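Student: Build me a model:
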Amino acid sequence: MSNQNTSEIKFLIELDDNRVPEKLMWSAQDGGVDQEEAKAIMLSIWDSRVKETMRIDLWTKDMPVDEMKIFFHQTLVAMSETFKRATDDEKMADTMKDFCDYFAEKLELTK
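Tutor: Below you'll find the model as predicted:
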């Protein structure tokens, strides 16, 4: 495999003595990101061999709950947009967006 046709994203997780994330850093050279700090990461990986999603969900112990709620909302909105692009199923994407609006309303999030 040629290096000119690859891209790499790296995550560095600093853990405390109980293996709880204290600091999350990520880099994506192609995107101009170098050791940027984050408070949470949600990563989904599709294993087509077993038809199953594998997940990595991490957040630092100092991630504020109010920010976690916003993070979830924005992730759900992005997933509905990605779903539409990936499947061209506008009706279900709109249904997902309706849920995102409901989610934001119930959590009293401002846009």
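
Student: what does the biggest helix by length in the chain contact?
Tutor: If you go by DSSP state H, the chain has its longest helix at helix 65-87. Residues from elsewhere that reach helix 65-87 (CB atoms under 8 Å, 6 or more residues apart in numbering): 39-40, 42, 59, 89-90, 92-93, 96-97, 99-100, 103-104, 107, 109. (Glycine included, C-beta is placed from N, CA and C.)

Student: I'd like the distance from it to the chain centre, please.
Tutor: Between the centre of helix 65-87 and the centre of its chain there are 8 Å (CA atoms, centre = their mean, to the nearest Å).

Student: need the next SSE after it, C-terminal direction.
Tutor: helix 90-106 (DSSP states H and E).

Student: any idea how far D47 is from E108?
Tutor: Using CB to CB, to the nearest Å, E108 is found at 37 Å from D47.

Student: List the buried residues in the longest helix of the chain.
Tutor: Using 16 or more other CB atoms under 10 Å as the test for burial, helix 65-87 gives 71-73, 76-77, 79-80, 83-84.
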